[in-house]
Each structure stands twice: as structure tokens, then as C-alpha cells.
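[1] Sequence first, predicted model second:
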Number of protein chains: 2
Amino acid sequence: MTEHSHDAEETGREPAEKLPPRRRMANELRDDINNEVYRPGELLPSQRVLADRYGVARNTAGEAIKILESEGLIDSRDRARPRVRERRRLLRLGAERYSNRLREETGKSPFRSEVEKQGKTPRVDCPSIEKIRPPGYVAERLGISADEAFVVRRENWYFADEEPVQIGITYIPWEIAEGTVLATSANMGKGSLYGRFEDQGHRITSIREEISSRMPTPEETEGLKVPAGVPVIDVVHTGIDQDEQPFEVTHFTMRADINGLDYRIRIED
Amino acid sequence: MTEHSHDAEETGREPAEKLPPRRRMANELRDDINNEVYRPGELLPSQRVLADRYGVARNTAGEAIKILESEGLIDSRDRARPRVRERRRLLRLGAERYSNRLREETGKSPFRSEVEKQGKTPRVDCPSIEKIRPPGYVAERLGISADEAFVVRRENWYFADEEPVQIGITYIPWEIAEGTVLATSANMGKGSLYGRFEDQGHRITSIREEISSRMPTPEETEGLKVPAGVPVIDVVHTGIDQDEQPFEVTHFTMRADINGLDYRIRIED
DNA sequence: TGGTATAACTGGCTTAAGCCAGATCTGGCT
DNA sequence: AGCCAGATCTGGCTTAAGCCAGTTATACCA
């Protein structure tokens, strides 16, 4: 540790004495990072140097670094020197992204405006549109049968400055999508997705968003380029129309180091 | 990650040939877990046995297991045999937990009812109430000065069947809390926290919830008993009264393997 | 039967030596 | 100035041997 060693500890941590070396070293490094001895964005000394400095084997130094990496404090891009991770500004996505008024005024998707707000260039890619049987949880939310009904599955990838930030998979009952661009075209035209739903007589009136978080699968790690020690946020979104009928489910998977959610909700009674 | 064409592989993963042994082994184990060769809750064979079976050193087998652990697939309690993690039912907390009507009808906190819905016993602990200067982000949201104003800081720990599930730290402007139980007592009486705010003339009218996710700090790992490979969800909640004034900020930190969020939101135009 | 001491086993963790591929630097050349 | 080849450095990853502390099973005893 640095200046603040001694008996009276401010963090409620175990006695440093009997900690295994890699943990002791991880703790000291962590403190140094938090106290900005190593500043965000800065390179850490090499494993060999650190190993020397802390009196452990190189392997052990590597283990200590791995611990901090898994805590999301350090970024190790393949074989390059590890860097102290910088806290990034989050894209804050909220419920107002579904506002009918906003959509009609700007004609722009809320993802785009949020990204542009950070001076970055948004891009949305729609690599696949298929007609399939819905996954169970989707059928459930749409109130249809997973065995008998069909849905259109639209896969969307969202980028900011060509960096992948989230995936959204939208499921639309076949009855609604049939014969429209919803079932065929990546380009949704003015008013985007919800504009087309409105054409079909489904005006978004309320939504349900179920949020959870977990570590990414290897596929997600690769596809979204999720750094080590960073979770993903799952949002299962259900769009509900003026007749209280669900007409669309979208499953978002977002990198948690880039995305956050921001809801402003009126408490009815 | 989908259009996995080609011959035999079902996952779009790298060619198995040139993968480092630990990764190859991790991939095989992961597939076996996903295909329920090893079932949720089941014990994995010991590292020594697995090492033999996959033709690697014991250390390497341990590394492979660590990979799956960091993905949240496996649970290793200290020196006991690793177990395939069971997906747990989530406590689903939503905005209706602030419903004034609900509160008045049941007089029961929404955390309690949600936990009881799962047949478990809820407990809320309030280990500390202090008068302090607010952290920057809290002052900002309360519209007060971080240097001049004071707040009451109430720390709450939430348990289900004596298992810690989340922490909530509530900040209340001193002007509001002064001279009330808000500033002094762990026990909030009928209608709980928001009942007392109403006594002070602040009826909750809307809320803002800012959600993000990250890996837990070592303190959180220990305090919340967060298993390896499990993130936490941060919710910064701001309560806003009938005059559009923020009157309370609560910062929740929840284990992501137990907690989820569930919002039903009316889209106002 | 119930409890407990003990033995066998398990994962945690370290060291040391070493190979490799990618990153980065350096100095020389055009 | 710009480029580039090669040398050097770095982390990734493996093996092997080994100690330790906690877990678990066994066998024995009251």
C-alpha cells in the first residue's frame, strides 16, 4: 500500500498479513489505482517489473493483474501492456425513446440522437430478417403459441463510431408483419420501426421493460467486443398498443461499460 | 452471431485446432453444461480427474474452470468441488413499488411482498443513520450544494432467507429529515419510508431511475456474498414530489443473480 | 445410534522454467 | 521525411512439483 497503511484501515478488508501474495498485490495495486498513483488511461509497468517490485514470481503478478481485470479496473488488449481503464460516459437510454411525439418531430431514432449527443457517429445494421417460431419467453410475452405461431425476427446491431455497443432482436407476430416492410426490409423509412407499427394500427401506448444483468457469453464477448470484467445488460422490452395488446418484443443486449438506462416514471396514484 | 452456416459446428466459434488448451477445454465443458451433460446443481469431476480426461495439467484444468466461473456458469465455494450454477428466479422489482395506493393498502414494503411471493422470509436491516455531506452525484440530483448542505444517510441491507440480496443507501436533505424519525429511527412505522415523506408534505409523484451494471468491488463481493462471475446492478433512484422537487435519492446495489427490474411504463404521447 | 477423530481428497496458490506471438522500439536506409 | 526490417520486450499460456487449508468420507467408539 502507499501512505495509508498501518493498523487503522479505512476499507473493511482482511488483515494484509495472511493474504495470499496475489491478493495482497491486487489490493495494493487497486489502492494505487483508486488513489490515482496509476491514472486512468495510463500503462501499468510490465509484469516482470511489477513482480520484482512486489517480490513475487511473474506468474503471480499476472494473476494479480487478472484479478483487477475481472473487476473491470484494468484493460488488457491481447498482448499489449495493461492499461488502467477509463470510466466511460454512458449512453443513457430511457423510455422517452418510445415517445410518439418525439418520433414524429425528429423522425430520428433515439439511439441515434443519444449517440450524436456524445459527438459520435451512430450506425445501425440489420444483418438478418427471418420468419421463425418464437422462443418461449417471447411467445409468452406476445400472448401467442410457441408451437403454432410464427414471428418475424429482426436482428439489429448498434454502433457508435464503428464500435459495437448493443444488439437488439425484435420479434413481431407474423400477422402484423406480413406483407409489410417489417417482414422484408432493413430500412424502416420515416418514423422508423414504430412508424410502421402505427401504419398497421398499433400505436405504442405502454411498454414493459424487464432488466437483468450477467456476464457475456463468448459469442457476445467477441461480437460486441466486450472487454474482460464488463457485464452485459439484458432488456426484454414489450411494446403494448392502445388496446392493451402486446405487438412486439425486443431483446436488447448491451455492453454495460457503455450503456445505461434512464427512466423517468410518473407514479399513477 | 447467428447465421452459423458451415458443416458441423453449432456455435460460431474459432477453429478448435489452434485454441490454447485451457480455452478448448473450457469450450468443451461449456458445451457439456449447456447440453446438460452436467446438470445445474451437479458437482463437476475434480480438477485432477478432468485434467486427465482432457489431457492437460491440473493447473490448466483449473484455469479452464476459472474461465467458466468468470462467465457465471460455475460456482466454486472456496475449497469445495465446483458446482454447475442453477439459474435462480429473480426478484423482480418495478416502479409499482412506489405506488401510493399499494402502500396505503398493504402497508407493506414492496421488497417484502416480492420476497414473500417466492416463499422466502424477508428482512431489512438498517445498520446506520448519519448526518453527512452528500456525495457529488447525490447533491446534483437533489439540487443542493455538496459543500454547504447536509443530508441524512440511511443505509439499508435487504435479505431473503438471511441471504443478502441488495443494499440501499438513502439520502434525504437535512431540512426534510430534521426532527423526524427519518433522521433518527430505523423503524419507519406504517407506510414505511414514503409514509414519512408524506407526513412532511412530499408525496411521491414521479421517479427517475438510472440503471447501470458493473462487477462488484471486493467489499461488495464480501458483504453481499456475490459469487464469482456475477455482476451487480446499480440503481440511482430519485424521488420527486408534487411540486417537481426531488426530495430523496436512494442508491441501490443489487446482486444480479438474484435481482432484476421490471418496469411497466405508460408512454405519454 | 450418534458422534467424532482421522485419513483421504479437493481446490487455492505459488514458484520456476520456458515457448510463443503479437507489440513496440530502434536504427538504418531510401 | 518516410519507411521498414529486425531486435527486443510484453503478456499468454503451459507444465510440473509442491505446500497448505478447508471438505468430505470413513471407520471406529461410546
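    Looks like it arrived, so ask away. Residues are numbered from 1 along each chain as shown, chains lettered A, B, ... in the order given.
[2] Tell me which stretches of chain A form strands.
    Applying DSSP state E to chain A gives strands spanning A:74-75, A:83-84, A:91-94, A:122-132, A:151-160, A:163-173, A:204-214, A:232-241, A:246-255, A:259-266.
[3] Including mean neighbour count, could those strands go into JSON lines?
    (C-beta placed from N, C-alpha, C; glycine too.) Formatted as JSON lines, the strands of chain A follow (neighbours: other Cβ atoms under 10 Å in any protein chain shown):
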{"stretch": "strand A:74-75", "mean neighbour count": "22"}
{"stretch": "strand A:83-84", "mean neighbour count": "18"}
{"stretch": "strand A:91-94", "mean neighbour count": "20"}
{"stretch": "strand A:122-132", "mean neighbour count": "15"}
{"stretch": "strand A:151-160", "mean neighbour count": "21"}
{"stretch": "strand A:163-173", "mean neighbour count": "21"}
{"stretch": "strand A:204-214", "mean neighbour count": "21"}
{"stretch": "strand A:232-241", "mean neighbour count": "21"}
{"stretch": "strand A:246-255", "mean neighbour count": "23"}
{"stretch": "strand A:259-266", "mean neighbour count": "20"}
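[4] Spell out which parts of the stretch 101-250 of chain A neighbour chain B.
    Where the stretch 101-250 of chain A comes near chain B, counting by Cβ under 8 Å from any Cβ of the partner chain, the residues are A:101, A:127-128, A:155, A:204-220, A:222-223, A:229-233.
[5] contacting residues around the residue of the stretch 151-269 of chain A found nearest DNA strand D?
    Among all residues of the stretch 151-269 of chain A, A:Ala228 sits closest to DNA strand D, at 8.5 Å; criterion: Cβ to the nearest atom of the strand. Contacts for A:Ala228 (Cβ atoms under 8 Å, 6 or more residues apart in numbering or on different chains) come out as A:Glu69, A:Ser70, A:Gly72, A:Asp75, A:Ser76.
[6] hmm, try it at 6 Å
    Contacts for A:Ala228 (Cβ atoms under 6 Å, 6 or more residues apart in numbering or on different chains) come out as A:Glu69.
[7] So what does it have for phi and psi?
    phi -60, psi 150 (degrees, to the nearest 10).
[8] Show the model's pLDDT score for it.
    You'll see A:Ala228 listed with a pLDDT of 93.
[9] Next: the one 3 residues further on.
    A:Pro231 carries a pLDDT value of 97.
[10] Just give the closest residue to A:Ser128, not the sequence neighbours.
    The shortest distance from A:Ser128 to any non-neighbouring residue, by Cβ to Cβ, 6 or more residues apart in numbering or on different chains, is to A:Glu155 (4.7 Å).
[11] The one you found against A:Ile169, yeah?
    Yes - in this structure, A:Glu155 is within contact of A:Ile169 by Cβ atoms under 6 Å, at 5.4 Å.
[12] how near is A:Glu175 to B:Pro216?
    45 Å (Cβ to Cβ, to the nearest Å).
[13] neighbour count winner among the two?
    B:Pro216 (21 against 12; other Cβ atoms under 10 Å in any protein chain shown).
[14] Show me what from chain A comes close to DNA strand C.
    A:20-23, A:55-60, A:63, A:77-81 (Cβ under 7 Å from any atom of the strand).
[15] Out of those, list just those in helices.
    A:Pro21, A:Arg22, A:Arg23, A:Arg58, A:Asn59, A:Thr60, A:Glu63 (DSSP state H).
[16] Who's the closest spatial neighbour of the fourth one, skipping the chain neighbours?
    This means A:Arg58. A:Ala51 (4.5 Å).
[17] give me the number of residues near that neighbour?
    Residues near A:Ala51, counting by other Cβ under 10 Å: 19.
[18] Run a quick check on it versus A:Glu63, I expect a contact.
    No - look at A:Ala51 against A:Glu63 with Cβ under 6 Å: they stay out of range, at 10.4 Å.
[19] Are stretch A:77-93 and DNA strand D in contact anywhere?
    Yes - residues of stretch A:77-93 are located near DNA strand D by Cβ under 7 Å from any atom of the strand, namely A:Asp78, A:Arg79, A:Ala80, A:Arg81, A:Pro82.
[20] if I look at the fourth one, how far off is A:Glu71?
    As judged by Cβ to Cβ, A:Arg81 and A:Glu71 stand 18 Å apart.
[21] Can you list the low-confidence ranges for the stretch 101-250 of chain A?
    A:103-104, A:106-107, A:191 (pLDDT under 70).
[22] switch the cut-off to 80
    By pLDDT under 80, the low-scoring segments of the stretch 101-250 of chain A are A:101-110, A:188-192.
[23] can you tell me the residue of it closest to chain B?
    Closest residue of the stretch 101-250 of chain A to chain B, Cβ to the nearest Cβ: A:Pro231 (3.6 Å).
[24] Tell me which residue in the stretch 151-269 of chain A sits closest to DNA strand C.
    Closest point on the stretch 151-269 of chain A to DNA strand C, by Cβ to the nearest atom of the strand, is A:Lys225, at 13.8 Å.
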